[in-house]
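Visitor: Got a predicted structure here, sequence first:
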Amino acid sequence: LLEDTLEGTNGGVIWANDNKTFYYIKKDAQTLLGYQVFRHTLGTPQSDDELIYEEADTSYYTGISKSKDGSEIYIWHSSTNASGMSVLSADDNKAKPKRLIEREDDLEYSISKLGNTYYIVTNLNAVNFQLMKVDVDKAHDKANWQTVIAPRDDIKLEGVDLFKDYLVYQERELGQSRLIVRHLTTGDEHTLSFNDSAYTIASYGNNDINSDKLRVYYTSMTTPVSSYDIDLKSGDKTLLKQQAVLGDFNADNYASERIFVGARDGIKVPVSLVYRKDAFKKDGTNPLLQYGYGSYGATMDPTFSSSRLSLLDRGFVFAIAHVRGSQMLGRPWYEDGKLLTKKNTFNDFVDVTKSLVAQGYGAKDEIFAYGGSAGGLLMGAVVNQAPELYKGVVAAVPFVDVVTTMLDASIPLTTNEYGEWGNPNEKEYYDYMLSYSPYDQVSKQAYPNMLVTTGLHDSQVQYFEPAKWVAKLRDYKTDDNKLLFKIDMEAGHGGASGRFKRLEDTALNYAFMLDLAGIKN
């Protein structure tokens, strides 16, 4: 145990190569956002630490990491519409960070280092991103960047993992991600294959650049979270561990589907579905829970949930509406669900509900909806637009007072998110936000049964935002349906800490829906 104590950090450190120096990020005491990078030497007081970088632009987040070969330390700069990085040597404990290139609006990139080459995933001249490479000492000039994987209109490049002899890249087509292994010398490629029709896959923990094996995270809506080692040469898979599911779980009892449904403007929206085979009939008699998010380009891929089995075993169908605002169908899918096209997110969700009912996946009078944070904004907009479609709605830590929040630049996330929602100090964005902001659009009409949850210590969507929304709903709504509001006095934005407390929160949400559905056991 060492006597060194550091306060006010974000909890992570990156070591230099002398084994006595490391870098850490210090948070702003008020906003709790990390914005300063310090260098610390073991055995010295924190007051002697050297400030090597300070982010002056509040629209950027700050992160730190180390190259896989251990030679460089990176300071990451990330905003809604741009990204970049600064580089310093991990061998020099006096090094000063230097920007790889100057930051540019709407330019995003990340780098991976192999020998004297940077491999760059970037949106430079590529809406769906492309892979480029450049010699380390020539990287400062984009004219030197050379294309490795060219941009494609219908396939999004999501990331790469580099090894001494192999390049592994992840791409997404028609909503499905896949991993492709390329031999760096021969150029030969093979795609990793799995049996599920829709699944989530990602490489992780591949920290040894000389390894000939790839560690992969894999799951689907019927397959518990699994870790594989994959031989990069042969493609052979070795299952290392799979999430244990208590009880008599049998994956063969459940079925998953990926379908596309038409939205009101003709766009086809992907939907992932899962249900228990012997409890489902495609005749419009099953209760259905529809989940959505649709912001920040965050893609909610189909994954397994052991707690969800309790709904499926009781006859529920579970659906994820991959609405615009995510990147399920590439970067244009995100661009078409933000700023002045944000209403597409809400319209997609409503249109998916109507289609699922029409196709017999769910009973017309037994449809439930769930979303949290920006997904809570989605819930708020949906119940204003089409309250008659839903029997019950759960809105967790919902971002529902859009205009007021985005007008307050003192709130930690506001200025960083102008690129997501727009700047309401500009009339065009103010008017558009006002036209969909759930709080501002509450009207005198019947609303579905609702459960709204928040945490007292939420610094992202502060508790008073859903509180004022619930108060206005109680004042305006013309129905006798339930409107429940729970403030967890110990929780933040991510909910309560601890595995069992989290399960209790899930049980509350399920109990709310099961009670409304008349399911007592």
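Guide: On my side now, so go ahead.

Visitor: can you give me how far stretch 487-505 is from the chain middle?
Guide: Put simply, stretch 487-505 sits 19 Å off its chain's centre (CA atoms, centre = their mean, to the nearest Å).

Visitor: Render the CA-only coordinates of it in CSV, please.
Guide: As requested, C-alpha coordinates have been extracted for stretch 487-505 and formatted as CSV (Å, rounded to 0.1, in the frame of the first residue of the first chain):
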residue,chain,number,x,y,z
ILE,A,487,-37.3,9.8,-6.2
ASP,A,488,-34.5,7.5,-4.9
MET,A,489,-32.8,9.5,-2.2
GLU,A,490,-29.5,7.7,-2.7
ALA,A,491,-29.3,7.3,-6.5
GLY,A,492,-27.7,9.2,-9.4
HIS,A,493,-28.4,9.2,-13.1
GLY,A,494,-27.4,5.5,-13.5
GLY,A,495,-29.8,4.4,-10.8
ALA,A,496,-29.1,2.8,-7.5
SER,A,497,-25.7,1.3,-6.8
GLY,A,498,-25.3,-2.4,-6.1
ARG,A,499,-26.5,-5.5,-8.0
PHE,A,500,-29.5,-6.2,-5.8
LYS,A,501,-30.7,-2.6,-5.5
ARG,A,502,-30.7,-2.5,-9.3
LEU,A,503,-32.8,-5.7,-9.5
GLU,A,504,-35.2,-4.1,-7.0
ASP,A,505,-35.6,-1.2,-9.4
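
Visitor: okay, now Val393: neighbour count?
Guide: Residues near Val393, counting by other CB atoms under 10 Å, number 27. (C-beta placed from N, C-alpha, C; glycine too.)

Visitor: pretty sure it is touching Ile367, no?
Guide: No - the pair Val393 and Ile367 fails to qualify as a contact (CB atoms under 8 Å) at a distance of 9.6 Å.

Visitor: As a check, name the ranges of all helices in the protein.
Guide: In order along the chain, the chain carries the following helices (DSSP state H): 309-312, 331-335, 343-358, 374-385, 402-406, 418-421, 427-436, 464-476, 499-517.

Visitor: what's the closest of the ones you listed to Asp161?
Guide: Across these, Asp161 has its closest neighbour in helix 331-335 (20.6 Å, CB to CB).

Visitor: Now that closest one: buried residues?
Guide: By 16 or more other CB atoms under 10 Å, the buried positions in helix 331-335 come out as 331, 333-334.

Visitor: again with stretch 23-31
Guide: So, applying 16+ other CB under 10 Å, buried residues of stretch 23-31: 23-27.

Visitor: How about stretch 228-245?
Guide: Taking 16+ other CB under 10 Å as the neighbour-count basis, stretch 228-245 is seen to contain the buried residues 228, 230, 232, 237.

Visitor: cool, stretch 212-224 as well?
Guide: 213-216, 218-224.

Visitor: Turn those residues into CSV, columns for pLDDT and distance to Leu434.
Guide: Rendered in CSV, the data for the buried residues of stretch 212-224 read as follows (pLDDT from 0 to 100; distance: CB to CB, whole Å):
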residue, pLDDT, distance to Leu434
Lys213, 96, 54
Leu214, 97, 49
Arg215, 97, 48
Val216, 97, 45
Tyr218, 97, 44
Thr219, 97, 40
Ser220, 97, 41
Met221, 97, 38
Thr222, 97, 43
Thr223, 97, 44
Pro224, 97, 44
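
Visitor: right, and out of the residues you listed, which lies closest to Asp313?
Guide: Distance ranking of the buried residues of stretch 212-224 against Asp313, using CB to CB, places Thr222 first at 13.2 Å.

Visitor: how about the strands in the stretch 51-200 of the chain?
Guide: 61-66, 72-78, 83-89, 98-99, 109-114, 117-122, 130-135, 146-149, 155-162, 166-173, 176-183, 189-191, 199-203 (DSSP state E, counting those that start in this stretch).

Visitor: typed the wrong thing, it's the stretch 201-350 of the chain
Guide: Listed in chain order, the strands of the stretch 201-350 of the chain (DSSP E, counting those that start in this stretch) span residues 213-220, 226-231, 237-242, 254-262, 268-276, 288-291, 317-321.

Visitor: Output these as a markdown table; include the columns distance to Gly362.
Guide: Supplementary listing: the strands of the stretch 201-350 of the chain in a markdown table, determined by distance: least, CB to CB, whole Å:
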| stretch | distance to Gly362 |
| --- | --- |
| strand 213-220 | 21 |
| strand 226-231 | 29 |
| strand 237-242 | 30 |
| strand 254-262 | 13 |
| strand 268-276 | 10 |
| strand 288-291 | 3 |
| strand 317-321 | 6 |
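
Visitor: Between those, which one is closest to Phe38.
Guide: Between Phe38 and these, the shortest gap by CB to CB is with strand 213-220, which sits at 31.6 Å.

Visitor: Show me what that closest one pairs with in its sheet, parallel or antiparallel.
Guide: When pairs are called by DSSP bridges, strand 213-220 turns out to pair with strand 199-203 (antiparallel), strand 226-231 (antiparallel).

Visitor: Could you export those strands as a markdown table, including distance to Gly360 and mean pLDDT?
Guide: Rendered in a markdown table, the data for the strands paired with strand 213-220 read as follows (distance: least, CB to CB, whole Å; pLDDT from 0 to 100):
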| stretch | distance to Gly360 | mean pLDDT |
| --- | --- | --- |
| strand 199-203 | 25 | 96 |
| strand 226-231 | 32 | 96 |
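
Visitor: Reformat the ones you listed as a markdown table; add distance to Val382.
Guide: Written out in a markdown table, the entries for the strands paired with strand 213-220 read as follows (distance: least, CB to CB, whole Å):
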| stretch | distance to Val382 |
| --- | --- |
| strand 199-203 | 25 |
| strand 226-231 | 34 |
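
Visitor: wait, which of those is closest to Asp265?
Guide: From the strands paired with strand 213-220, taking CB to CB, the stretch that ends up closest is strand 199-203, at 28.1 Å.

Visitor: Let me see the contact set for the closest residue to Asn210 other than its chain neighbours.
Guide: In space, not counting the residues next to it along the chain, Asn210 is nearest to Lys164; the distance is 5.1 Å by CB to CB, 6 or more residues apart in numbering. For Lys164, the set of contacting residues under the criterion of CB atoms under 8 Å, 6 or more residues apart in numbering consists of 114, 209-210.

Visitor: measure Lys164 to Asp135 for me?
Guide: Using CB to CB, to the nearest Å, one gets 18 Å for the distance from Lys164 to Asp135.

Visitor: repeat for Phe512
Guide: In this structure, Phe512 and Asp135 are 58 Å apart, going by CB to CB.

Visitor: try Ala150
Guide: Using CB to CB, we find Ala150 at a distance of 20 Å from Asp135.

Visitor: picking up where we left off before, columns neighbour count and distance to Val13 on top of the contacts of Lys164, output as CSV?
Guide: Putting those into CSV (neighbours: other CB atoms under 10 Å; distance: CB to CB, whole Å) gives the following:
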residue, neighbour count, distance to Val13
Leu114, 20, 25
Ile209, 18, 21
Asn210, 9, 25
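
Visitor: quick one: which of these is nearest to Lys482?
Guide: Nearest to Lys482 among the contacts of Lys164, with distances taken as CB to CB, is Ile209, at 55.9 Å.

Visitor: ok, the closest residue to that closest one other than its chain neighbours - contacts?
Guide: With CB to CB, 6+ apart as the criterion, Ile209 has its nearest non-adjacent residue at 4.8 Å, and that residue is Lys68. Counting by CB under 8 Å, 6+ apart, Lys68 makes contact with 112-113, 162, 206-207, 209.

Visitor: residue contacts, the most centrally placed residue in the chain?
Guide: Nearest to the geometric centre of the chain sits Ala298, at 3.8 Å (CA atoms, centre = their mean). Residues in contact with Ala298 (CB under 8 Å, 6+ apart) are 326-327.
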